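>>> Got a predicted model here, sequence first, then my questions.
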Amino acid sequence: MNLVNLEAVTKSYGTTTLLDRVSLGVRADERIGVVGRNGGGKSTLVRVLTAAEEPDHGRVTHRGELRVGVLGQNVDLPPGATVRDVVVGDRAEHDWARDRRVRDVLTGLLVNDLDAAVDGLSGGERRRVALAALLIHEHDLLVLDEPTNHLDIEAVDWLARHLVQWRGALLVVTHDRWFLDTVCTATWEVGDGRVHQYDGGYSVYVLARAERERLAQTSEARRQNLLRKELAWLRRGPPARTSKPQFRIDAANALIADEPPARDRLKLVEFATTRLGKTVVDLQDVTVRYGDRAVIADVTFQLGPGDRFGILGPNGAGKSTLVKLFAGTLQPTSGTVKHGKTVRVATLEQEPAPVDEDQRVLEAVEEIAQSIDVPGGRSYTAGQLLERFLFASSRQWARVGDLSGGERRRLQVLRLLMAEPNLLLLDEPTNDLDIETLTALEDHLDGWPGTLVVVSHDRYFLERTCDRTFTVAGGRLRDLPGGVEQYVAERVDRGPTPVSTSSAARPGAPAGTGDTRAARKELTRLERVIAKIDQREARLHAEMAAQASDYAAVQRLDDELRAVQRERSKAEDDWLALADAVDG
């Protein structure tokens, strides 16, 4: 028996139909991953399915007394409440403290200070609190919209393991492909008003989609090739990958029989050496101090031509500091940093560089370069590269100011690539990018001849694009031969941080005086600022929903929303930079 049924459901906003006569159901034992392009209707499907919004046509029915828990993209916590109020409510401490599930959730999500006021929490902390409150209560259906946002690799790993053991139906919207593969037993692809349903997690979804397009003899040759490459990589992927294709093996082998490895590493190193020489970046006995704390301590490290390194580490460990050293935007306290003479650095930062809002998308790319050359004597014009990154011809003439958040992130990546850097530093590159765009970026990087450094909490992207993995901790940089799996295993072996039931300071904050105390005070102020910005953003979303039929009002509110989001990004960047300095 289904918990939820959608019968011929249609939902439109203005002239855009996001769901067109969609019929589907959610069974009591299903774990469904929802994928699709940004703006394609994923969140709309969630809101209709959970009865947060009514469909324009069709019917949505819930089984009687259905208990639904929902984590939306915008978290709304009661003002003036404490973490304890939100997560455990009025349960007596001796009651919940003995509950293993409650303790597991609190430690797994690092919700440590239960007496902290939610009004003073950052956006990421508020999201963890809301997720913890959901997971310790009983639900028949759990609906999570981008649950891995603001979670580091260890927390994502814990959440996946927790949900695998969780009893009940699950529907999760996420761009995290490792998470989809680990947790989900079915995949829904939302796009063009329809919902295509597949059995299995991400690996099986890629196989089934490629097979579907082969049977349909699709004319989208490049799209087909991308799917074949993705499937080939999944089949050759790390042995610890949780889910591998388990059906249609003959069809899978036929699809990838002649598919070469994702990238020819030796050839790319040869190209990179030609462009870069033998020296890219050398760190010799480098130390970086903030006050009395050594974030980087006596590190000697070499980036060579064609190297593809992933950098892992807990928040505040010094990953961003290391990237700045590679980029040459930060000088060490002691030691030397040497850059090769031919190095051209490009850094993809979490906050995009400003672009003229009145420019057309094509113009914004062409002002960097008209075309770029790639190995093998090929070249791409700006328009061709835009199409490769899912900007259709008509969309290339859209105003930059009219782009969605995901489209702006895509444009930011493209402008970097058009500059033809030979050292590319990617700081959380997967933020705001959907799976299709991530696949396109990975495909481009497969043939990109340069040195790549990736800092990310997306383990799939790290495994897909990097050849070696390092961790930053205690000021040191250490090689991880076992990659992300080794990192997560080591972090789990250390055990969780105990939950504090008192009003003591949050873990990770150093005791000290002077500059440290002033920095902690500034962190607290920034957290309050971010919390207020989150409230303004939630209010704007509500106003946009209420005035959806008034185009002029929606446009005005959207402009205001973009300004608020830029303000939040700046405040969060300031918070992260300060936390990096304080927590090391």
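That came through fine.
>>> okay, CA-based contacts and neighbour counts for the rest of this
Will do.
>>> Tell me, how many residues neighbour residue 177?
When neighbours are counted by other CA atoms under 10 Å, residue 177 registers 18.
>>> go on, residue 66?
Residue 66 has 12 neighbours, counted by other CA under 10 Å.
>>> which non-adjacent residue is nearest it?
residue 140 (6.4 Å; CA to CA, 6 or more residues apart in numbering).
>>> who's in contact with that neighbour?
Residue 140 is in contact with 28, 66-68, 168-169, counting by CA atoms under 8 Å, 6 or more residues apart in numbering.
>>> and what of residue 300?
Contacts here follow CA under 8 Å, 6+ apart; on that basis residue 300 touches 282-286.
>>> export those residues to JSON lines and tack on neighbour count, distance to residue 325 and pLDDT?
Conversion of the contacts of residue 300 to JSON lines gives the following (neighbours: other CA atoms under 10 Å; distance: CA to CA, whole Å; pLDDT from 0 to 100):
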{"residue": "282", "neighbour count": "19", "distance to residue 325": "10", "pLDDT": "93"}
{"residue": "283", "neighbour count": "20", "distance to residue 325": "8", "pLDDT": "94"}
{"residue": "284", "neighbour count": "16", "distance to residue 325": "12", "pLDDT": "93"}
{"residue": "285", "neighbour count": "16", "distance to residue 325": "13", "pLDDT": "94"}
{"residue": "286", "neighbour count": "20", "distance to residue 325": "9", "pLDDT": "93"}
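>>> strand partners of the helix or strand residue 24 falls within, parallel vs antiparallel please.
Element membership for residue 24 (DSSP states H and E) is strand 16-27. Paired neighbours of strand 16-27 in the sheet (DSSP bridges): strand 2-13 (antiparallel).
>>> most surrounded residue in the contacts of residue 140?
Neighbour max across these (other CA under 10 Å) = residue 169, 20 neighbours.
>>> and stretch 108-118, how far apart are its ends?
End-to-end distance for stretch 108-118, by CA to CA, to the nearest Å: 19 Å.
>>> residue ranges for the helices of the stretch 351-500 of the chain, please.
361-366, 382-388, 405-418, 435-446, 459-465, 483-493 (DSSP state H, counting those that start in this stretch).
>>> Return the most buried member of these.
Highest mean neighbour count of those: helix 361-366, a mean of 22 (counted as mean count of other CA atoms under 10 Å).
>>> Which other helices and strands does it contact?
On a contact count with 3 or more CA pairs under 8 Å, 6 or more residues apart in numbering; DSSP states H and E, helix 361-366 meets helix 382-388, helix 405-418.
>>> Only the C-alpha atoms, please, for that helix, written as PDB.
Below are the C-alpha coordinates for helix 361-366, written out as PDB (Å, rounded to 0.1, in the frame of the first residue of the first chain):
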ATOM      1  CA  VAL A 361      25.700  35.500 -21.000                       C
ATOM      2  CA  LEU A 362      27.700  35.000 -24.200                       C
ATOM      3  CA  GLU A 363      29.200  38.500 -23.900                       C
ATOM      4  CA  ALA A 364      30.300  37.800 -20.300                       C
ATOM      5  CA  VAL A 365      32.200  34.700 -21.600                       C
ATOM      6  CA  GLU A 366      33.600  36.300 -24.700                       C
END
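>>> Touching that helix from outside, list them.
Helix 361-366 is contacted by residues 355-356, 382-383, 386, 395-400, 411, 414-415, 418 when judged by CA under 8 Å, 6+ apart.
>>> just stretch 409-427 next, same as before
272, 275-276, 280, 320, 323, 327, 343-350, 352-353, 361, 364-365, 368-369, 371-372, 382, 385-386, 389, 432-433, 437, 449-456.
>>> Tell me which helix or strand residue 85 sits in.
helix 83-87.
>>> do residue 34 as well
Using DSSP H and E, residue 34 maps to strand 31-35.
>>> which is the next helix or strand following that strand?
helix 42-49.
>>> where does the stretch 251-400 of the chain dip in pLDDT?
For the stretch 251-400 of the chain, the stretches with pLDDT under 70 are 251-277, 350-352, 375-377.
>>> need the strands for it, in chain order.
Ranges of strands in the stretch 251-400 of the chain, per DSSP state E, counting those that start in this stretch, are 281-290, 293-303, 308-312, 334-339, 345-348, 371-374, 378-381.
>>> and the last one, which strands flank it?
Put plainly, it is strand 378-381. strand 371-374 (antiparallel).
>>> quick one: residue 116 from residue 125, how far?
Note on residue 116: its distance to residue 125, by CA to CA, is 11 Å.
>>> Would you mind measuring from the residue of the chain most remote from its centre to residue 102?
The C-alpha centroid of the chain is most remote from residue 94, which lies 37.3 Å away (CA atoms, centre = their mean). Residue 94 is 12 Å from residue 102, where distance means CA to CA.
>>> Then residue 8?
Taken as CA to CA, the span from residue 8 to residue 102 is 40 Å.
>>> between the two, which one's more packed in?
Comparing residue 8 with residue 102 by other CA under 10 Å, the one with more neighbours is residue 102, at 19 against 16.
>>> Which one, of the strands of the stretch 251-400 of the chain, ends up nearest to residue 16?
Among the strands of the stretch 251-400 of the chain, strand 378-381 comes nearest to residue 16, with 30.7 Å by CA to CA.
>>> pull the CA atoms of that closest one into PDB?
Extracted C-alpha coordinates of strand 378-381, given in PDB (Å, rounded to 0.1, in the frame of the first residue of the first chain):
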ATOM      1  CA  ARG A 378      40.700  21.000 -31.000                       C
ATOM      2  CA  SER A 379      39.300  24.300 -29.900                       C
ATOM      3  CA  TYR A 380      36.000  25.500 -28.500                       C
ATOM      4  CA  THR A 381      34.400  28.900 -29.200                       C
END
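>>> Can you tell me what sits against it?
Contacts of strand 378-381 (CA under 8 Å, 6+ apart): 370-374.
>>> same thing but 10 Å
Contacts with strand 378-381, where a contact means CA atoms under 10 Å, 6 or more residues apart in numbering, come from 365-366, 369-374, 385-388, 418.
>>> could you dump those residues to a markdown table with distance to residue 560?
Converted to a markdown table, those look like this (distance: CA to CA, whole Å):
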| residue | distance to residue 560 |
| --- | --- |
| 365 | 25 |
| 366 | 28 |
| 369 | 32 |
| 370 | 33 |
| 371 | 35 |
| 372 | 36 |
| 373 | 39 |
| 374 | 40 |
| 385 | 31 |
| 386 | 28 |
| 387 | 29 |
| 388 | 31 |
| 418 | 30 |
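>>> can you tell me which of those residues lies nearest to residue 161?
Nearest to residue 161 among the contacts of strand 378-381: residue 388, at 35.4 Å, using CA to CA.
>>> For residue 189, see how far away the closest one is.
21 Å.
>>> Please report how far the closest residue to residue 2 other than its chain neighbours lies from residue 164.
Distance criterion CA to CA, 6+ apart; nearest residue to residue 2, sequence neighbours excluded, is residue 27 at 4.3 Å. For residue 27, the distance to residue 164 (CA to CA) stands at 16 Å.
>>> and what of residue 83?
Counting by CA to CA, the separation of residue 83 from residue 164 is 26 Å.
>>> Those two: which has the busier surroundings?
Using other CA under 10 Å as the criterion, residue 83 and residue 164 rank with residue 83 on top: 26 against 13.
>>> Quick one: residues contacting the more buried one.
77, 89, 111-119, 121, 125-126, 129-130, 132-133.
>>> Residue 150: neighbouring residues, count only.
Residues near residue 150, counting by other CA under 10 Å, number 17.
>>> if we can go back for a sec, list just the nearest of the contacts of strand 378-381 to residue 58.
residue 387 (35.7 Å).
>>> Okay, residue 168 and residue 87: tell me how far apart.
Residue 168 is 20 Å from residue 87, where distance means CA to CA.
>>> follow-up on the earlier one: residues making contact with the very next helix or strand once past the helix holding residue 85?
Note on helix 83-87: by DSSP H and E, the next helix or strand toward the C-terminus is helix 93-96. Helix 93-96 has contacts (CA under 10 Å, 6+ apart) with 84, 88, 90, 99, 102-103, 136, 501.
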